[in-house]
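A.B. asks: What follows is a predicted protein model with its sequence.
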Amino acid sequence: MVRAPCCEKMGLKKGPWTAEEDQILISYIHNHGHGNWRALPKLAGLLRCGKSCRLRWTNYLRPDIKRGNFTREEEDTIIALHQMLGNKWSAIAAKLPGRTDNEIKNVWHTHLKKRLKKTDTETTQEPKRKTQIESNEETTTHSYSSIDVSCSGATESSTSSTVENSQNSMESLNHEFEEIDESFWTEILQMESNGDYNSIDSMATEEFSSDFMDETSLLSAGSRDEDDMNFWLRVFLHAEELPEI
DNA sequence: AACTAGTTCAACCGCGTAGTT
DNA sequence: AAACTACGCGGTTGAACTAGT
């Protein structure tokens, strides 16, 4: 099969977008929507390929884009979801309203990967937990172990628990996700994106312990308004409470 | 002030795939 | 069923920016 060229190379502009181009794209989409990306630049009078327009819109111009630095909570969510999903940036972005896959990918490569690497090094070089928590307090860097502290409304008590507990939590968390078939999460994601919470509940029944099931039901029944991020954080955090399968 | 090295992030490229003819 | 189109995704690049010397 011969792939059609993404765009006619001749005469199409590349590189950074100008303010005028942005304005043209915004006003065109505002007035006509973006039914056909390929046709859009021609119709809008832009010398760009459709792909470039789509990227510019989805990554930068969309009105619901949240600009600015990522909060620690967002970063922790990315780390947690990346643990779960791998480099599925769009899936991760779907759980972080206002953030784009590209942005998340960049943050991962520029900040989070380094942070985790650093944490790993610290952990292997200095097994004493006290040292780790001290270093976390001294710097803005925080490790996996901070996830269940900073992200967890459901495990508030963990703030008063020992650092050992938090690290153990993360270890067991990692262990749990290794144990869970990846297809489970794929299905969950699909159902969740379809709003099919009942199916998630029933899957939880099959796959998880009754404790987790109770919590999931509670979440799905009572917290429809809760945003996606909180939902997934709770799913994630509760996985650690599961008994050994 | 000038230069260099490192970092960040917007944008591009190519691939996979769903949808259409 | 095959050919083709269009879209979305993940990996990569390179210009702009920042920090260090």
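C.D. replies: Happy to help now that I have it. Worth saying up front: this structure is predicted, and the values here are computed from it rather than measured.
A.B. asks: Could I get the contacting residues of A:Asn36?
C.D. replies: Shown in contact with A:Asn36 (Cβ atoms under 8 Å, 6 or more residues apart in numbering): A:Gly50. Glycine gets a C-beta too; all of them are placed from N, C-alpha and C.
A.B. asks: Quick check: the gap between it and DNA strand C.
C.D. replies: Separation of A:Asn36 from DNA strand C (Cβ to the nearest atom of the strand, to the nearest Å) stands at 4 Å.
A.B. asks: Next, that residue: phi, psi?
C.D. replies: Backbone torsions for A:Asn36, taken as degrees, to the nearest 10, come to phi -130, psi 100.
A.B. asks: and the gap between it and A:Glu103?
C.D. replies: Distance of A:Asn36 to A:Glu103, given as Cβ to Cβ, to the nearest Å: 25 Å.
A.B. asks: what's the answer for A:Arg56, then?
C.D. replies: For A:Arg56, the distance to A:Glu103 - Cβ to Cβ - is 13 Å.
A.B. asks: What of A:Thr71?
C.D. replies: A:Thr71 sits 13 Å away from A:Glu103, going by Cβ to Cβ.
A.B. asks: Tell me which of these two has more neighbours.
C.D. replies: For A:Thr71 versus A:Glu103, the count of surrounding residues by other Cβ atoms under 10 Å is larger for A:Glu103: 19 against 11.
A.B. asks: Contacts only, for the more buried one.
C.D. replies: A:Glu103 touches A:Asn59, A:Ala93, counting by Cβ under 8 Å, 6+ apart.
A.B. asks: Is A:Ile92 in a helix, a strand, or coil?
C.D. replies: Reduced to three states with DSSP: H, G, I helix; E, B strand; the rest coil, the structure at A:Ile92 is helix.
A.B. asks: Quick check: residues of chain A near DNA strand B?
C.D. replies: Counting by Cβ under 7 Å from any atom of the strand, the residues of chain A close to DNA strand B are A:3, A:6, A:13-17, A:48, A:51-52, A:55-56, A:59-60, A:102-103, A:105-107, A:109-111, A:114.
A.B. asks: Out of those, list just those in helices.
C.D. replies: A:Lys51, A:Ser52, A:Leu55, A:Arg56, A:Asn102, A:Glu103, A:Lys105, A:Asn106, A:Val107, A:Lys114 (DSSP state H).
A.B. asks: so which of those also contact DNA strand C?
C.D. replies: Taking Cβ under 7 Å from any atom of the strand as the test, DNA strand C is in contact with A:Lys51, A:Leu55, A:Asn102, A:Lys105, A:Asn106 out of those.
A.B. asks: Show me the domain layout of chain A.
C.D. replies: Domain segmentation of chain A under automatic domain parsing yields A:19-61, A:72-239.
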